[in-house]
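In: Sequence first, then the predicted structure, then my questions.
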Amino acid sequence: MLKAILDVKGLNCPLPIIRARKAMQGLEIGAVLEIHTTDPASIRDFGALCRSSGHEVIDQSEEEGVYTFLIRKGT
């Protein structure tokens, strides 16, 4: 499994989504992007991004104010 990491801690909406969308463009289908953010709106935003773009949130967690998402690139 190919995996890339995107650190967008300290950035607020819409920047984490914009940067994640750009990072996903550079990945092959099936690759996983690991995203680290501190924006609580990311929970809603990354779900919406995946629903609208065909990607899949395969895991999400929060620890000490840092939200981590694993998103698999779809078609």
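Out: Cool, the structure landed.
In: On the three-state scheme, the nearest residue to Ser61 once chain neighbours are set aside is what?
Out: Take Ser61 and drop its neighbours on the chain: the residue closest to it by CB to CB, 6 or more residues apart in numbering is Thr68, 5.1 Å away. Where you see a C-beta, it was placed from the backbone N, CA and C, and this is true even at glycine. Assigned state for Thr68: strand (three-state reduction, DSSP: H, G, I helix; E, B strand; the rest coil).
In: if I pick Thr68, what's in contact with it?
Out: Contact analysis of Thr68 by CB atoms under 8 Å, 6 or more residues apart in numbering lists 34-36, 59-62.
In: Go again with 7 Å.
Out: 34-36, 60-61 (CB atoms under 7 Å, 6 or more residues apart in numbering).
In: ranking those residues by neighbours, who comes first?
Out: Within the contacts of Thr68, Ile35 tops the neighbour count with 25 neighbours, counted by other CB atoms under 10 Å.
In: list the helices and strands the host helix or strand of it packs on?
Out: Ile35 is part of strand 32-37, with elements assigned from DSSP states H and E. Where contact means 3 or more CB pairs under 7 Å, 6 or more residues apart in numbering; DSSP states H and E, strand 32-37 is packed against strand 3-7, helix 15-25, strand 66-72.
In: After that strand, heading C-terminal, what element do we hit next?
Out: Next along the chain after strand 32-37, taking DSSP H and E as the criterion, comes helix 42-53.
In: which other residues reach that next one?
Out: Contact with helix 42-53 is made by 13, 16-17, 20-21, 55-57, 60, 67, 69, 71, as judged by CB under 7 Å, 6+ apart.
In: For those, work out which two are farthest apart.
Out: Among those, the pair separated by the greatest distance (CB to CB) is Cys13 and Glu56, at 21.0 Å.
In: What residues are bridge-paired with the most centrally placed residue in the chain?
Out: Nearest to the geometric centre of the chain sits Ile35, at 4.7 Å (CA atoms, centre = their mean). Counting by DSSP bridges, Ile35 is bridged to Leu6, Phe69.
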